[in-house]
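1. would you be able to build a 3D model of this:
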Amino acid sequence: MMDIQEIKTNAAPDETVIRSELIALAQEFLYEGLVVRTWGNFSARIDDDTFLITPSGRSYHDLEPEELVKCSISTGKKLESELGTPSSEAPMHAIVYRKRPEYKVLAHTHQVYASALSLASSPIVLNDLFRERLGAEFIMISPYGLPGTKRLHRHMEASLENLDAPFILMERHGAFLFGENYNDCLIRARTLEECARALYEERVGRRDAPRAAIHDDTPEEKAAVRVIGSIDQMAVCVSCDPELQCLLDRPMGAYLDDFAQICGVKIGCDPGKNNVFFIPEKRQAVCFADTIAEAQNVRAVLEKNTRACHIALLEQKKPLAFWESRLMRYIYQNKYSKKAQRKE
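-> Model prediction:
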């Protein structure tokens, strides 16, 4: 993997260099846990008219430079000469490039604490420390819209009109970060997540102990998996997340849109058509999928939604509408995930 710290950003690189550097950035975000699998999207401005963006449904770990898709800044659509399918959020990236010409690199992430904090009331006023570090007086949260829709993009554009900060949160969806160069964008994502975690802990009134890495299992979780084995020949992992313990006795709805897509519409003690179910008497949540890596991804989204749930309870906000969750689950299972599987 290219070291992101070694990327030179002062010169005017040609398109080949931009492609390589954009992939290096996406992989660094992946390595640091700021994105997982195919989630999120990254782009880089080529010139005043065009930008490159990561393709839809493609894992970052082995993404090739030629797979990046060139799009028009004026329309947000791919150029006629392009064969790949750009991220559905390409129009959102184009909006920022049109409105904020000083930015050259954009990252849309689903990072844990920033996503959870997107359930808070907007704006969130920052203290002096984070105000200086983030270069903003407050955190703005754009109203919700289904992923990839014009409504989401319109809300983001309207919020951008009243914003001079180099990032924005999108309600129930994630973070959108703007950088003058690659390192600028990466450092901003790290700082935002640190700030969001501090704000989360302040609001819930306790220190959090998140999983160190998506593939880590506690001894208790490993023992539980040995007892369960597999479910319908699918791989299994278990969550004994401390933040989840007080929520296991009730059904959990989708507070974040990727939870509806990847975990299920509403989680309880019966797996049903979901990829998670609760065992309250054992204080466990069981996650399952075709491979262990996918099951661990399911668990990561469950634990992120858990933190969003805690913020939502404080704000007295309900889960996503049932029909929205069902729609996203259907689209993900029948289109997006199959596309990702073909590439992996």
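2. need the distance between the two termini of stretch 52-59.
-> 16 Å (Cα to Cα, to the nearest Å).
3. what does that stretch contact?
-> Contacts to stretch 52-59, defined as Cβ atoms under 8 Å, 6 or more residues apart in numbering, come from residues 15, 18-19, 22, 26, 37-38, 41-44, 46, 60, 63, 67-71, 84-88, 90, 93, 336-337, 339-340, 343-344. Bear in mind the C-beta positions are built from the backbone N, C-alpha and C, glycine included.
4. if you set the cut-off to 7 Å instead, what comes out?
-> 18-19, 22, 26, 37-38, 41-44, 46, 63, 67-71, 84-88, 90, 93, 336, 339-340, 343-344 (Cβ atoms under 7 Å, 6 or more residues apart in numbering).
5. now which of the residues you listed would you call buried?
-> Neighbour counting by 16 or more other Cβ atoms under 10 Å classes 18-19, 22, 26, 37-38, 41-44, 46, 63, 68-71, 86-88, 90, 93, 336, 340 among the contacts of stretch 52-59 as buried.
6. from those residues, which land in strands?
-> 41-44, 69-71 (DSSP state E).
7. dump these into JSON lines; add pLDDT as well.
-> Formatted as JSON lines, these follow (pLDDT from 0 to 100):
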{"residue": "N41", "pLDDT": "95"}
{"residue": "F42", "pLDDT": "97"}
{"residue": "S43", "pLDDT": "97"}
{"residue": "A44", "pLDDT": "98"}
{"residue": "V69", "pLDDT": "96"}
{"residue": "K70", "pLDDT": "96"}
{"residue": "C71", "pLDDT": "96"}
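8. so how far is stretch 125-141 off the chain centroid?
-> 21 Å (Cα atoms, centre = their mean, to the nearest Å).
9. do the same with stretch 200-219
-> 17 Å.
10. distance between the ends of it?
-> So stretch 200-219: terminal residues 27 Å apart, Cα to Cα.
11. tell me which residues are up against it.
-> Under Cβ under 7 Å, 6+ apart, the answer for stretch 200-219 is 33, 36, 112-113, 116-117, 197, 237, 240, 242-243, 296, 300, 303, 307, 310-311, 314.
12. show the buried residues in those residues.
-> Buried, going by 16+ other Cβ under 10 Å: 33, 36, 112-113, 116-117, 197, 237, 240, 243, 296, 300, 303, 307, 310-311, out of the contacts of stretch 200-219.
13. farthest-separated two in those residues?
-> Spanning the widest gap among these are L117 and C237, at 25.8 Å by Cβ to Cβ.
14. now the farthest one out in the protein, which residue is it?
-> Relative to the centre of the chain, the most outlying C-alpha is that of V227, 31.8 Å out, by Cα atoms, centre = their mean.
15. list the buried residues of the helix or strand hosting it.
-> For V227, the element it lies in under DSSP states H and E is helix 219-228. For helix 219-228, burial by neighbour count (16+ other Cβ under 10 Å) applies to 221, 224-225.
16. next one: stretch 284-293
-> In stretch 284-293, counting by 16+ other Cβ under 10 Å, buried: 284-289.
17. among the residues you listed, which are in helices?
-> Counted as lying in helices by DSSP state H, out of the buried residues of stretch 284-293, is not a single one.
18. which of these fall in strands?
-> 284-289.
19. before we move on, the earlier item: of all the ones in strands among the buried ones among the contacts of stretch 52-59, which comes closest to N183?
-> A44 (12.9 Å).
20. could you pull out the helices for the stretch 51-200 of the chain?
-> Under the criterion DSSP state H, counting those that start in this stretch, the stretch 51-200 of the chain contains helices at 90-99, 112-117, 128-134, 150-161, 182-204.
21. sorry, back to before: TSV for the buried residues of stretch 284-293, including distance to P319?
-> Converted to TSV, these look like this (distance: Cβ to Cβ, whole Å):
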residue	distance to P319
Q284	22
A285	16
V286	20
C287	19
F288	22
A289	22
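22. quick check: the two most widely separated of these?
-> Between any two of the buried residues of stretch 284-293 (Cβ to Cβ), the greatest distance is 16.6 Å, for Q284 and A289.
23. related to what we said a few turns ago, any idea how far the residue farthest from the centre of the chain is from A90?
-> 46 Å (Cβ to Cβ, to the nearest Å).
24. V238 against E220, yeah?
-> No. Taking Cβ atoms under 7 Å as the definition, V238 is not a contact partner of E220, at 8.1 Å.
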